[in-house]
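K.L.:
this is a predicted model, with the sequence first.
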Amino acid sequence: MTYMSIAFYIFVLAALLLYYVLPLKYRWLVLLGGSIFFYWKALDTGTGMPMILVTIALAYGTGLLLQKRKNRIILAAAVVLMILPWFCVKNGNYVLEVLLHKDAVSWIVPLGISFYTLQIISYLADIYMGRIEAQTNPAKFALYVLFFPQIVQGPIPRYDRLAGQLYTGHAFCEKTVVRGFYRILWGFFLKLMIADRAAVVVDEIFDLPHQYVGCYVLVAGVLYSIQLYADFAACISISKGVSNLFGIELADNFCHPYLAVSVKDFWHRWHMSLSEWLKDYIYIPLGGSRKGRIRTFINLILTFAVSGIWHGAGLRFVVWGLLHAAYQIAGQLTANLQRRAAGLLKLDEAMEVKIWIRRIWTFLCVMVAWIIFRAENLRTGLQMIGSMFRVRNVWIFTNDALLSLGLDWKEWLVLMVSILLLWLVSMKQEKGVAFSEVIFRQPFYIRWALYLVVIFGIMTYGAYGMGYDSQAFIYGGF
């Protein structure tokens with residue numbers, strides 16, 4: 001059962017009916033039962049359920065222990081116990097095969113392990129630092145970890161921001177439910193109209209890196225950047241939308257990252273819950289920017305190295321993280337030079353032009369890092385990037401070469417129009433326009449006419465309408 005399946009929405013509908021029928025004080029039990037059921041069904045065979053239940057039990061007990069005794073050794077031991085299963089599942093075979101030259105092992109992979117591991121660590125760390133009180137009810141703590149809309153791939157919740165919403169029953173609110181419905185539709189648009197369609201071209205080029213070089217890599221890099229954002233934002237939008245149906249508001253995870261004017265700004269907008277986690281539990285404990293420029297740079301490098309390791313096993317993920325650290329360090333070191341160059345070119349007098357130059361440059365830097373991230377290995381990624389500068393085959397944009405990558409001209413047209421719509425919506429939202437509020441203010445019949453048009457458009461022109469199935473969410477693999 002996935003977020004894109006009919007079975008999932010039948011399950012959500014049944015949970016909603018039961019949730020709003022029961023008295024307020026018992027409604028959290030519906031969320032708990034539904035979360036356990038979803039987790040079990042999402043795993044198909046149920047493997048991985050014992051591991052997460054053991055993890056929850058250990059975290060619950062450790063939380064109570066830390067509440068009574070703020071002991072750093074207890075916290076450190078608990079963090080190691082939380083990280084160990086994640087490390088074995090995500091990096092074990094890389095260590096065995098690449099570093100130790102041993103045979104790979106078939107690991108049991110609990111759903112959402114990368115996300116709930118960070119979630120639990122933040123919970124224990126916050127108890128240790130006195131930010132929150134430990135949850136004394138084991139069932140309520142289990143709900144906090146297992147809450148089904150966010151267990152698959154976030155956003156990574158903080159206990160003090162989410163727990164209260166889970167345990168307090170919510171009365172039915174039409175405005176909140178409508179906003180949730182809107183977010184679910186937007187998630188389907190991003191997934192089926194953009195991400196899955198772009199994936200056809202991206203997979204074709206990245207699967208044959210020696211055949212497609214030069215401008216083909218540029219096309220793949222741009223489309224993968226858009227695909228990854230649309231795919232991840234789609235899942236988050238659906239997660240937030242389903243939560244809204246129950247009156248619960250999850251944290252934002254994106255704020256139009258490709259409108260960022262620097263790589264530092266990009267990380268304030270991309271996977272915000274992870275960025276905040278890394279800042280609060282890695283960067284700041286290391287000293288942050290409080291101990292001089294050199295120490296700040298070291299802390300940045302270590303923080304982004306952790307980010308790379310969290311995303312996957314292999315050198316390419318570490319290099320991807322370190323590249324983002326290098327971008328930020330270079331940005332700080334050349335800040336004065338950038339200001340002088342802008343003054344010489346009189347860009348300060350044309351602020352809009354300056355902003356767009358910075359946005360395009362930031363996107364290109366991020367795109368280069370995404371190519372390494374997506375490639376089969378580090379060597380292949382570097383070769384693909386190098387070919388963009390060595391091979392001059394701009395003719396692929398003027399003949400039918402792009403039509404041989406898996407999409408015909410109609411599908412390309414739908415993809416480009418969908419990306420344009422995403423860009424227009426992002427620009428309006430960047431200026432403060434809240435489309436859910438605008439839609440909700442419309443008369444009932446106009447709202448539902450709009451919903452039906454969107455649903456029909458997605459069913460007709462989305463990935464399902466083109467004859468192939470929706471792919472799994474990309475970040476679900478991390």
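P.N.:
Sure, I can see it.
K.L.:
can you show me the strands along the stretch 251-400 of the chain?
P.N.:
Shown for the stretch 251-400 of the chain, no strands are assigned by DSSP state E, counting those that start in this stretch.
K.L.:
for it, give me the ranges with low pLDDT.
P.N.:
Applying pLDDT under 70 to the stretch 251-400 of the chain flags residues 349-350.
K.L.:
if we go to 90?
P.N.:
Filtered on pLDDT under 90, the stretch 251-400 of the chain yields the residue ranges 288-292, 312-314, 334-354, 392, 400.
K.L.:
all helices for it, in order.
P.N.:
Secondary structure of the stretch 251-400 of the chain (DSSP state H, counting those that start in this stretch): helices at 263-269, 272-278, 284-286, 293-311, 315-333, 335-344, 351-374, 378-390.
K.L.:
next, format the ones you listed as TSV and append mean neighbour count.
P.N.:
For every residue, glycine as well, the C-beta is placed using N, CA and C. What follows is the helices of the stretch 251-400 of the chain, written out as TSV (neighbours: other C-beta atoms under 10 Å):
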stretch	mean neighbour count
helix 263-269	19
helix 272-278	21
helix 284-286	14
helix 293-311	18
helix 315-333	19
helix 335-344	11
helix 351-374	17
helix 378-390	16
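K.L.:
now those helices in TSV, with distance to G61?
P.N.:
Listed next are the helices of the stretch 251-400 of the chain as TSV, based on distance: least, C-beta to C-beta, whole Å:
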stretch	distance to G61
helix 263-269	35
helix 272-278	23
helix 284-286	24
helix 293-311	25
helix 315-333	33
helix 335-344	48
helix 351-374	37
helix 378-390	41
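K.L.:
tell me which of those helices lies nearest to I248.
P.N.:
helix 272-278 (15.2 Å; C-beta to C-beta).
K.L.:
quick one: that closest one to chain centroid distance?
P.N.:
How far helix 272-278 lies from its chain's middle: 11 Å, per C-alpha atoms, centre = their mean, to the nearest Å.
K.L.:
where's E133, which helix or strand?
P.N.:
Assigned by DSSP states H and E, E133 belongs to no helix or strand.
K.L.:
now it: how far from V145?
P.N.:
For E133, the distance to V145 (C-beta to C-beta, to the nearest Å) stands at 17 Å.
K.L.:
these two: which is more packed in?
P.N.:
In this view E133 and V145 are compared by other C-beta atoms under 10 Å, and V145 has more residues nearby, 23 against 12.
K.L.:
the more buried one reaches A59, doesn't it?
P.N.:
Yes - the criterion here is C-beta atoms under 8 Å, and V145 meets it with A59 at 7.4 Å.
K.L.:
touching both of the two, which residues are there?
P.N.:
Shared contacts of V145 and A59, defined by C-beta atoms under 8 Å, 6 or more residues apart in numbering, are found at I120.
K.L.:
I would like the residues contacting the host helix or strand of I52, please.
P.N.:
Following DSSP H and E, the helix or strand that holds I52 is helix 49-68. The contact list for helix 49-68 (C-beta under 8 Å, 6+ apart) reads 39-40, 43, 74-75, 78, 81-82, 85, 108, 110-111, 113, 116, 120, 123-124, 127-128, 133-136, 138, 141-142, 145-146.
K.L.:
what packs against whatever helix or strand comes next after it?
P.N.:
For helix 49-68, the following helix or strand on the C-terminal side (DSSP H and E) is helix 72-94. Counting contacts by 3 or more C-beta pairs under 8 Å, 6 or more residues apart in numbering; DSSP states H and E, helix 72-94 packs against helix 49-68, helix 113-128.
K.L.:
pull out the buried residues from the contacts of helix 49-68.
P.N.:
39, 43, 74-75, 78, 82, 85, 110-111, 113, 116, 120, 123-124, 127-128, 134-135, 141-142, 145-146 (16 or more other C-beta atoms under 10 Å).
K.L.:
care to break the chain down by domain?
P.N.:
According to automatic domain parsing, the chain comprises the domains 6-172, 176-294+333-477.
K.L.:
could I get the ones you listed as TSV with distance to V318?
P.N.:
Formatted as TSV, these follow (distance: least, C-beta to C-beta, whole Å):
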stretch	distance to V318
domain 6-172	11
domain 176-294+333-477	9
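K.L.:
to G312, which of these lies closest?
P.N.:
Nearest of these (C-beta to C-beta): domain 6-172, 7.0 Å.
K.L.:
next, the distance between the ends of that closest one.
P.N.:
End-to-end distance of domain 6-172 (C-alpha to C-alpha, to the nearest Å): 23 Å.
K.L.:
how close does the residue lying farthest from the centre of the chain sit to L337?
P.N.:
Centroid-distance maximum for the chain: L344 at 39.1 Å, with C-alpha atoms, centre = their mean. Using C-beta to C-beta, L344 is found at 11 Å from L337.
K.L.:
then L278?
P.N.:
28 Å.
K.L.:
for R131, grab the count of nearby residues.
P.N.:
Per other C-beta under 10 Å, the neighbour tally for R131 reads 14.
K.L.:
so it touches D160, yeah?
P.N.:
Yes - in terms of C-beta under 8 Å, R131 counts as a neighbour of D160; the distance is 6.7 Å.
K.L.:
joint contacts of the two?
P.N.:
Residues touching both R131 and D160 by C-beta under 8 Å, 6+ apart: none at all.
K.L.:
could I get the helices and strands packed on helix 72-94 as a markdown table with distance to C173 and mean pLDDT?
P.N.:
As requested, these are exported to a markdown table (distance: least, C-beta to C-beta, whole Å; pLDDT from 0 to 100):
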| stretch | distance to C173 | mean pLDDT |
| --- | --- | --- |
| helix 49-68 | 30 | 92 |
| helix 113-128 | 27 | 94 |
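K.L.:
so can I have TSV of the ones you listed showing distance to F232?
P.N.:
Converted to TSV, the helices and strands packed on helix 72-94 look like this (distance: least, C-beta to C-beta, whole Å):
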stretch	distance to F232
helix 49-68	22
helix 113-128	12
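K.L.:
deepest of the ones you listed, which one?
P.N.:
helix 113-128 (a mean of 23; mean count of other C-beta atoms under 10 Å).
K.L.:
next, the buried residues of the one helix or strand L223 maps to.
P.N.:
Element membership of L223, judged by DSSP H and E, is helix 215-245. Buried residues in helix 215-245, counting neighbours by 16+ other C-beta under 10 Å, are found at 215-245.
K.L.:
quick one: that helix to helix 351-374, angle?
P.N.:
Compare the direction of helix 215-245 with that of helix 351-374 by axes from the mean of the first three to the mean of the last three C-alpha atoms, to 10 degrees and you get 100 degrees.
K.L.:
where's the closest residue to T2 other than its chain neighbours relative to L250, distance?
P.N.:
Excluding its sequence neighbours, the residue lying closest to T2 (C-beta to C-beta, 6 or more residues apart in numbering) is F8, at 6.3 Å. Distance, F8 to L250, using C-beta to C-beta: 17 Å.
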